[in-house]
Each structure stands twice: as structure tokens, then as C-alpha cells.
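**Q** coordinates only, sequence not included:
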């Protein structure tokens, strides 16, 4: 190539020709350059437009879990997938090495109904939907009446679980009987099978259906609740996972509830936070179970309403009566 | 006239009710004083405890927004509240009465004084009196507790030591200590509170039937009853319990369990019934085929 150009450089007419050629070339190149420049600038412009149209520049206000409103660029937002499978798995397995047990001291219950409201608050239930209910009891005309809180008995031989056709309700290794609202088909066999009437059917849209929409389903909390399925006492298994006492137990102002672990032979009172030997508490106070003749083996024990701490007939305001 | 009598009766009843509300504090508790001087740090720590344990009923101090209970929980800045001596406040917080729960097991001795320190910050006229460094209530600093397991006697021995003024490690005598076994939801009191002897030792009888983990390990906690010994406590895991292993409650084969854990007789009879039904159907089909074949053979003949 260089050899060729040298040759033309020595040749005069050749140079003349080259000059004319170069002008032509110049215009040709100029045109080419112009075209390239036009295309390039168009590309840059469209790129700029693209950058502009990208949502990276505007900020979005986001509410954090600790209740602060923060601004983040829109393109930095990533959808966090709360691990639904993990919730399901841990809910099915239960807590290893525990056998949870509840003791209800009927002598102390004044029908304050704090357990009920705490439970309804935690599980998004209406005031007339009960996981736990306080019944007014009187065995016969001449026996003393008393209040009896009645949650699910979490039986060791649960008839409700035996009849479930879809494995929606199940018993875990820690003794808790749970219900999976995502599997439940609403056949209500379990309601018919339960001798303690501990189960509840959502005939209508649940209380907080709107605000709970889109939340990942927590099998240990039954939230979001679902219309056309069963809900029941869960022994607050979400709280037990954190080593805390159930909602009802810690809400009771009168020291009615004891909750603990049969494996450790200990139950803790929800009001005084005092811990007792389970075996001793049941032996000394003649603890009993509801309908043991059915062979359901409940995990809830009752202490008889001996030496009741209140006068039943004059019972008006449970809070006032405690003073 | 009847109305007047009725209102008179009502007034009498209400006044009776009010007089019944007087909360009697034993003189010994009334005179009790904090083992440490209140400072900004104790006020802040006490404030944190107040916000989690007390605010729900007593409301925010100085805002008179306590819950409408009977009797009404007094505001922290009120004269009624500040009229209590430090000892009376300590007694009332730890004992509780009616709707006011006892915080004996939920707020530690030192933390109760921190809460009182916070409460006093709403009283400008308050001048603190700290417990004097003499007598049985005297504060002892840097107490160390060690726990040993006496297997032969089935006893737990706690030894309390503290450096004296000359920085010589001395046993702490005459201190009441409590032994707890840690359980999932709280601490179980073992034996009774015991006093340390002259050599700083307290011996607890340990129950022979307390379940431990699968190897018999139990986490033990020794805490002095009096907050005069500061926030010291010992936390040790010892093989003092009975080795306990209870299998998971859903391990056994049962009617209610999942298919894999159904009773053998149920699995067998179900399988046999299904096989029997299908076997019969197949047998019938084969017989029909045999009849058909026999028929077509006859036709060909």
C-alpha cells in the first residue's frame, strides 16, 4: 500500500488526479461522516430519552417495618419474598423437644375476658368469634357456679385430625393441633368430631380480610383468615417459637392460666410469671381433664374451683371486684 | 326524701370504699432505701422499663392519661404517687394489689429501684437518701457466685465471694440467695431461699426427680434476694437433672396420624381390600375372555 502511494506521489498528472480525487473523496468522506454523526447523535439522543424514561430518577416513599417513612429510588426496589414455604415447614414440624401443656385454675377466673380479647386481637377475630370462651358453669342446683375458660384441648388422640379428609388439620411433635387454612376445604367434619366444640367456621368474610390481603399465610397464626375454612385455638404457636407465653395466658389479670412444658415438668403462671412443678400443681390441687372418658387425652388441665376468690352472684365488673 | 337517703348511703358506701383502698405498707419496707444513688443512667434505664411494664396502665408521666380503672392508677407526677417513700414504692411494685400485678418475678430488684429513680425525676423537690453502707442492708460490690453440684448428697452449693476494702477476696456471709432451674417460660424456684454461712456457702437440696435434657443437664441460676448485692447472678449448666427424652407426640402410629404413620392393620386391610376388589374384577374379565374364546372355538368347529 505504501509503495503504491509513493509511486503516485512522483507522478505529476497522477497527483493532479489525486487532488481531484481527494476533493471528491473529501466530500464523499464528509457525507459519510455526516451520516455517521447524524446516526450517532440520534443514537445518543434516543439513549438519553431511554435513560430519561427509565424510572430510576424518581423516589418512592416506603414505610419500613420500624414505622419510618423513607425515600428510595424506584429502580432500587426489589420485591421481598417472605418465605411462605418456610412458614409452612416450621409450622408443620413444630418445636423439637417440647410437649406444651396448659393448666387453668378455675378458682381464680373472674370472667375478666382479657384472654378472649387478646386472642381475638392476635388472630383477627370478631368479638363473637371465639378460640377461647368463658363459660358459666353450674353442675347442679345446689353446687357453686363458676367460670370456665375453654380453649382447644390439643388432644393427644385428636378426633378432629382423624376425620380430616385432606390433612388440613394435624398434630405436631410438640403436641399442638393446628389447622392449615390453605388446605382446608371447609367440610366441617372436624367441627362434628370435636367433643369440646373448640372449632369455629368462617361463614362470613373474616374481620380483617381487606387489610390482610396479600400477607403471606402464617400457619402458626391463622392469618390471613379465610372465608369457608376452620379456625381454632393454636396455643399461640408463633409466640411459643419465641419463648413467650401465649396471648391469652399473658393477658390474664387474675393468674388463671399456667402454661409450660411437660418435658420439663414446669408451668409458668401468665400473670405472676412464677414457675411451678406441673406434677406437683396437679397433685396438690387435684387437677383434672375435660371428658377424659372419651380417650381424647387433652393437653389442657383444670384445677377445680375450690375456695373461689370471688362471690359469683354479686359479680358485676370483674375489674372492680378485684380491688 | 328517699332520694336523699339513697344519696347519703351512696356517699357512705363510696367513702367506705375509698377507706378500704388504703394500701398498708409495713414499717420495715416503708423505711427501705435504694442501695445506689439515682443518676441519669438509672433514670434512663428505669424509663425504658417503665415504658414496657407500667405505661399501659399508669400512662405517660405528667399527662394524666392512665387507664380508667378502679382504683385509678395514679400518674407518676401526681402528689399521691410522689407522697410514697422510696421503700413504699418498692413494696408496692414488688407486691401488687388488685389490678396492679406483682412485679416480683418480672422486674429484678435492682431494676425496681431504677424504675423508682425514673419516677422521682418528675418530682423537683425530691432529695434522695441512699442506704448507708452499714448494717444488713449495706451494699456489697462485685459479688461473685460460683455453683457446684454435690452429686452424693443431691445438693447444690452456691459460694458468694467479694473483694473487701483491701481487695482481698472474702466470703459474703449472711446473704439470702435463691436457686432457680431454668425452664422454657421462666425460672423454677428450687428449695427455699437460703442464707450463706460464715464461709459464704449456701446449700440447697436439689429434687431427685427434676427432668433435665436428654443427658440430664439443667441450667441453674443463683440470685441474691437483696438488691444490695447489685445485679450479680450465676448461670451454670450442671448434670443435676434426670435424663429425659420423651419422643415427639406425632411419632406413634395412630388413626389420626398421616398416611405413613397410619396403623399397620389399617394399611394392611385397606391394601387387601383394594387388591381384592381389583383382583375380582380382573378375574371376572379373564373368565369372560375364556367364555368368549370357548364360544369362538365352537363356531369354528
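**A** Cool, the structure landed. Computed from a predicted structure; not experimentally measured.
**Q** which residues touch the nearest residue to residue A:306 once chain neighbours are set aside?
**A** The shortest distance from residue A:306 to any non-neighbouring residue, by Cβ to Cβ, 6 or more residues apart in numbering or on different chains, is to residue A:107 (5.7 Å). Quick note: C-beta positions are derived from backbone N, CA and C, even for glycine. Residue A:107 makes contact with A:146, A:303-309, according to Cβ atoms under 8 Å, 6 or more residues apart in numbering or on different chains.
**Q** Would it be right to say that residue A:107 lies in a strand?
**A** No. Counting by DSSP: H, G, I helix; E, B strand; the rest coil, residue A:107 is not part of a strand but coil.
**Q** mind giving me a markdown table with the contacts of residue A:107 and columns for pLDDT, distance to residue B:50 and secondary structure?
**A** Shown next, in a markdown table, are the contacts of residue A:107 (pLDDT from 0 to 100; distance: Cβ to Cβ, whole Å; DSSP: H, G, I helix; E, B strand; the rest coil):
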| residue | pLDDT | distance to residue B:50 | secondary structure |
| --- | --- | --- | --- |
| A:146 | 91 | 36 | strand |
| A:303 | 96 | 34 | strand |
| A:304 | 94 | 39 | coil |
| A:305 | 91 | 36 | coil |
| A:306 | 87 | 38 | coil |
| A:307 | 81 | 35 | coil |
| A:308 | 79 | 34 | coil |
| A:309 | 72 | 29 | coil |
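**Q** Please name the nearest non-neighbouring residue to the closest residue to chain A within the stretch 101-250 of chain B.
**A** Using Cβ to the nearest Cβ, the closest approach of the stretch 101-250 of chain B to chain A is made by residue B:248 at 3.2 Å. Leaving aside its chain neighbours, residue B:248 sits nearest to residue A:173 (3.2 Å; criterion: Cβ to Cβ, 6+ apart).
**Q** What ranges does the chain have for its helices?
**A** You didn't pick a chain, so chain A it is. Per DSSP state H, chain A carries helices over the ranges A:2-10, A:12-53, A:84-93, A:114-123, A:159-163, A:189-193, A:237-241, A:247-251, A:278-284, A:318-321.
**Q** my question was about chain B
**A** Going by DSSP H, chain B shows helices at B:2-20, B:27-30, B:40-53, B:55-58, B:79-82, B:86-95, B:109-120, B:264-300.
**Q** mean confidence for the third one?
**A** So that's helix B:40-53. Helix B:40-53 carries an average pLDDT of 87.
**Q** Now look at that helix and say if it contacts chain A.
**A** No. Figure legend: helix B:40-53 not in contact with chain A (Cβ under 8 Å from any Cβ of the partner chain); closest approach 11.2 Å.
**Q** The longest one now?
**A** No. Applying Cβ under 8 Å from any Cβ, one finds that helix B:264-300 is not in contact with chain A, the shortest distance being 10.9 Å.
**Q** what does chain B have sitting close to chain A?
**A** B:20-21, B:69-71, B:97-99, B:101-102, B:104-106, B:181, B:183-189, B:209-211, B:213, B:244, B:246, B:248-251, B:254-258.
**Q** Mind giving me the ChimeraX command for buried ones among these?
**A** Buried members of the residues of chain B next to chain A, defined by 16 or more other Cβ atoms under 10 Å in any protein chain shown, are picked up in ChimeraX with:
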select /B:71,98,99,101,102,104,105,106,181,183,184,185,186,187,188,189,210,211,213,244,248,249,250,254,256,257
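**Q** Out of the residues of chain B next to chain A, list just those in strands.
**A** Of the positions in these, B:181, B:187-189 sit in strands, assigned by DSSP state E.
**Q** can you pull the pLDDT of the residue in the stretch 1-150 of chain A that chain B sits nearest to?
**A** Going by Cβ to the nearest Cβ, chain B is nearest to residue A:99 of the stretch 1-150 of chain A, at 6.1 Å. Listed pLDDT for residue A:99 reads 95.
**Q** In this structure it contacts residue B:246, no?
**A** Yes. Checked against Cβ atoms under 8 Å, the pair residue A:99 and residue B:246 is within contact range at 6.1 Å.
**Q** shared neighbours of the two, anything?
**A** A:262-263.
**Q** Kindly reformat the ones in strands among the residues of chain B next to chain A as a markdown table containing pLDDT and distance to residue B:236.
**A** Output for these, formatted as a markdown table (pLDDT from 0 to 100; distance: Cβ to Cβ, whole Å):
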| residue | pLDDT | distance to residue B:236 |
| --- | --- | --- |
| B:181 | 93 | 11 |
| B:187 | 92 | 13 |
| B:188 | 93 | 15 |
| B:189 | 93 | 17 |
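**Q** Contact partners for the residue positioned nearest the centre of chain B?
**A** Note on chain B: the residue nearest the mean C-alpha position is residue B:186, at 3.7 Å, using Cα atoms, centre = their mean. Contacts of residue B:186 were listed using Cβ under 8 Å, 6+ apart, and they are A:266, A:268, A:273-275, B:105.
**Q** Out of those residues, give me the one that has the most neighbours.
**A** residue A:266 (28 neighbours; other Cβ atoms under 10 Å in any protein chain shown).
**Q** Just give the nearest non-adjacent residue to that one, would you?
**A** Residue A:266's closest residue in space is residue B:183 (Cβ to Cβ, 6+ apart), at 3.8 Å.
**Q** With residue B:96 instead?
**A** Here the residue nearest residue B:96, using Cβ to Cβ, 6+ apart, is residue B:102, at 3.4 Å.
**Q** Equivalent analysis for residue A:60, please.
**A** That would be residue A:74: by Cβ to Cβ, 6+ apart, it lies 5.1 Å from residue A:60.
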